[in-house]
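Chemist: Mind folding the following:
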Amino acid sequence: MDLVNRLDSSEAFSVPLFDTKNNRGMVNKKLRDDMISAISKCKSIIHFSDPRKAQITDTLNEARRVVKTFNEYQSVVNLDLELLSDSLVELKNLSIALMQRAK
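Modeler: Sure, this is the predicted structure:
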């Protein structure tokens with residue numbers, strides 16, 4: 001984990017395989033932070049007057065990764081769905097807007 005945490009734009013957590021309130025909170029916080037970051041990137045690209053296709057592609061890939069992570073975690077742990085659902089909807093809508101802009 002130390003190696004991963006030393007890399008730019010990387011972080012690692014060691015989460016025991018048993019379900020505790022603290023572990024769920026850690027996962028919820030990490031996923032929420034990722035969603036906020038992806039939403040911010042989407043909004044930033046949407047407001048550019050002429051974004052490059054590479055910027056749109058990178059931003060969409062990040063949004064897809066966050067959505068995939070959400071779906072995987074949802075099936076594994078009891079996420080705080082009320083807190084995260086609104087962000088998930090916003091992220092999906094922004095991703096659609098970016099895809100339309102890339103055409």
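Chemist: Mind giving me the packing neighbours of the longest helix belonging to the chain?
Modeler: In the chain, with assignment by DSSP state H, the single longest helix is helix 21-47. Using 3 or more Cβ pairs under 8 Å, 6 or more residues apart in numbering; DSSP states H and E, the elements in contact with helix 21-47 are helix 53-76, helix 81-102. For glycine as for every other residue, the C-beta is placed from the backbone atoms N, C-alpha and C.
Chemist: Export the ones you listed as TSV, with columns for distance to Leu31.
Modeler: Output for the helices and strands packed on helix 21-47, formatted as TSV (distance: least, Cβ to Cβ, whole Å):
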stretch	distance to Leu31
helix 53-76	6
helix 81-102	6
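Chemist: ok, and for the longest helix of the chain, which residues are buried?
Modeler: 24, 27-28, 31, 34-35, 38-39, 41-42, 45 (16 or more other Cβ atoms under 10 Å).
Chemist: And the residues you listed, which is closest to Arg64?
Modeler: For the buried residues of helix 21-47, the residue nearest Arg64 by Cβ to Cβ is Ala38; the value is 9.2 Å.
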